[in-house]
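**Q** 3D model of this:
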Amino acid sequence: MPPGPLSGESGRHVRLRRDGATVSVREELVRLVPPPEGVSLGVDWPALEEELGSPLPSDYKWLVERYGPGSFDNFLHVLQPTSPFPPIRLMSSADRAAEILDQLREKEDIPFATEELLPVAKTDNGDTVYWVTRPEDDPDSWTLTGNAARNRKWPVFDGGIVAFLAATLSGAHRMEIFPNGFPTESPVFVPLPG
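**A** Here you go, the predicted model:
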């Protein structure tokens, strides 16, 4: 099978750029959208994972430690372990997502069990990107899905959050829940104040 826009371990770690160069998805994300300087969150990952009741993917930890709270292209917010802004806190978002998913399930068919979905990012439009937490004990194998606030689609991305961001922001992948115009031709990361 010829390499597509993403190759190598389902696009989790290696990305084939359009110019033929092979780089890690982390390198590609940093190239596409440079992180802010001086991010220092001091996250207690074991305590967070214990509170959450689940391990978290290593690419997510890298992303949070490298970029901190903010938005990609003024639209997509990766949920944070801690934040002065409640809407982007991982724990409160996880609790709220479970409630919303249970309510949605009464009206529509959701292709995943509520306990299999853990939110990882939100948009300004109310769309949510979730980890599909299978297998539960191997977070670096989790895939992603998303659901728009105004439709019943659940597209899947076979990779982690960093691969997803690199593919989405480069234009190599388009999640159909996102509106036209995202991402822009020159995506940016906008850190939150404080």
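**Q** got a pLDDT number for Ser40?
**A** Among the per-residue scores, Ser40 shows a pLDDT of 78.
**Q** now Arg17
**A** What the model reports for Arg17 is a pLDDT of 59.
**Q** and for Asn151?
**A** 78.
**Q** skipping adjacent residues, who's closest to it in space?
**A** Distance criterion Cβ to Cβ, 6 or more residues apart in numbering; nearest residue to Asn151, sequence neighbours excluded, is Ile177 at 6.9 Å. (C-beta placed from N, C-alpha, C; glycine too.)
**Q** same check on Tyr130?
**A** With Cβ to Cβ, 6+ apart as the measure, Leu117 is the residue that lies nearest to Tyr130, at 4.3 Å, once sequence neighbours are left out.
**Q** my read: the one you found touches Ala97, true?
**A** Yes. In terms of Cβ atoms under 8 Å, Leu117 counts as a neighbour of Ala97; the distance is 6.8 Å.
**Q** what touches both of the two?
**A** Contact criterion Cβ atoms under 8 Å, 6 or more residues apart in numbering; residues bridging Leu117 and Ala97 by contacting each: Tyr130.
**Q** for the chain, what spans make up the helices?
**A** 25-32, 45-52, 58-67, 90-105, 161-170 (DSSP state H).
**Q** in the fourth one, what counts as buried?
**A** Read it as helix 90-105. Going by neighbour count (16 or more other Cβ atoms under 10 Å), the buried part of helix 90-105 is Leu90, Ser93, Ala94, Ala97, Ile100, Leu101.
**Q** please verify my assumption that the first one contacts Gln80.
**A** Just to be clear, that refers to Leu90. Yes. Here Leu90 lies in contact with Gln80, judged by Cβ under 8 Å, at a distance of 6.2 Å.
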